[in-house]
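*Asks:* Fold the stuff below for me.
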Amino acid sequence: YHYLRGLVNIVSNKRLDALEDFQSLYKTDSDIFPSQMVKSLVDSLLDAERSQADRRPELKRLISRVKRDQELERARHGNKQEEGAVKRFQLPKKYMQLEEFVKCVQESGIVKDQGAIHRLFDALTVGHQKQVGPDLFRDFYTIWKETEAEAQEVCLPASVLEHIEPSECVFKLSSSVKTSRGVGKIAMTQRRLFLLTDGRPGYVEVAQYRDIEEVKVSSAPFLLLRIPSLKLRVRGRKEAFEANLKTETELWNLMVKEMWAGRNMADQHKDPQYMQQALTNALLMDAVVGSLQNNKAIYAASKLAHFDRIKMEVPMMVPRTTAETLKHKINPSLELTAPQAVDVLLYTP
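*Replies:* Below is the predicted model of the structure:
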């Protein structure tokens, strides 16, 4: 029904109505979803229609999905019809050892830092020979791009936006779960965790990362069972926050600990880049677990817990005089593939 009505709306030049029909079709029967037709339809939208579509969450989601599919299609087939002579990233077609993997990840734009890529390689090759296959990399790359798109698609109500900074973005959203502070979805931004309550969406602060005192996996009683849960202790609050995340618990435990450790490092060293790196590590964990889908996935993701491991093994203490004097640390190797020594510094007051 949605398919036929969508065709009729296209013929009648009712493009937005047709997109709504195809969005409904995608939800009910994705097997007959006309991908190419919808791509052409999206490309044909007038500016006014595009503006209207952006104001409708369902259509905005559909258009984002079409864009994402187009990017993946170009990556798969290496479409070289780019302006000038810019080379497009192509998904690998053969197994990659470490050196090839580093080059591939850097070209993909996922991350440039060699240390992070080495840890990612270790994560994706847990229990296997030290090489990454094209199918596994495609799955990982697809999940990474989908996560990027989903972060852009999260539409928070005004009542929630007023509680967070304008620069904050929801990078991960849990499924709807029961928590000690109500039922809803746990949202992770680069600064904090909060609960997006069910029903009429509302905001409940869980914690800013710098205020966390403890993160651990626990269990909550449910009838005769014990359900895995995530428990956080936050500075200034008597009651711990607990969320029955079930099968998501182990992954959230890793991600929150990495964000917490990254925040501590950033505060100690007055270097906000530690926080950005921690976020990248956490999102890499998410993509690794999504692409592996096996009983070693969590162990594999733990290979990416860089700052949490530093915090546990080799605490990096900043001398008191330095901490009192330092206002903002600058990383001269930002965006480089590996740290480089500084030969000359020019200060211009």
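
*Asks:* okay, CA-based contacts and neighbour counts for the rest of this
*Replies:* OK.

*Asks:* how about the helices in the stretch 1-150 of the chain?
*Replies:* Listed in chain order, the helices of the stretch 1-150 of the chain (DSSP state H, counting those that start in this stretch) span 2-11, 15-28, 35-43, 47-54, 57-77, 98-108, 114-124, 134-153.

*Asks:* Quick check: buried residues in the shortest one?
*Replies:* This means helix 47-54. Neighbour counts over helix 47-54 (16 or more other Cα atoms under 10 Å) mark R50, A53 as buried.

*Asks:* how distant is that helix from the center of its chain?
*Replies:* The chain centroid and the centroid of helix 47-54 are separated by 27 Å under Cα atoms, centre = their mean, to the nearest Å.

*Asks:* got the helices of the stretch 1-150 of the chain as a markdown table, with mean pLDDT columns?
*Replies:* As requested, the helices of the stretch 1-150 of the chain are exported to a markdown table (pLDDT from 0 to 100):
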| stretch | mean pLDDT |
| --- | --- |
| helix 2-11 | 84 |
| helix 15-28 | 79 |
| helix 35-43 | 84 |
| helix 47-54 | 82 |
| helix 57-77 | 69 |
| helix 98-108 | 94 |
| helix 114-124 | 95 |
| helix 134-153 | 88 |
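
*Asks:* Tabulate those (a markdown table), appending distance to Q190.
*Replies:* Written out in a markdown table, the entries for the helices of the stretch 1-150 of the chain read as follows (distance: least, Cα to Cα, whole Å):
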| stretch | distance to Q190 |
| --- | --- |
| helix 2-11 | 40 |
| helix 15-28 | 31 |
| helix 35-43 | 32 |
| helix 47-54 | 25 |
| helix 57-77 | 22 |
| helix 98-108 | 23 |
| helix 114-124 | 18 |
| helix 134-153 | 12 |
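
*Asks:* Out of the ones you listed, which gets nearest to H306?
*Replies:* helix 114-124 (8.4 Å; Cα to Cα).

*Asks:* related to what we said a few turns ago, quick one: closest of the helices of the stretch 1-150 of the chain to L251.
*Replies:* For L251, the closest of the helices of the stretch 1-150 of the chain is helix 114-124, at 13.8 Å, according to Cα to Cα.

*Asks:* now the closest one and helix 134-153, what's the angle there?
*Replies:* Helix 114-124 runs at 120 degrees relative to helix 134-153, counting by axes from the mean of the first three to the mean of the last three Cα atoms, to 10 degrees.
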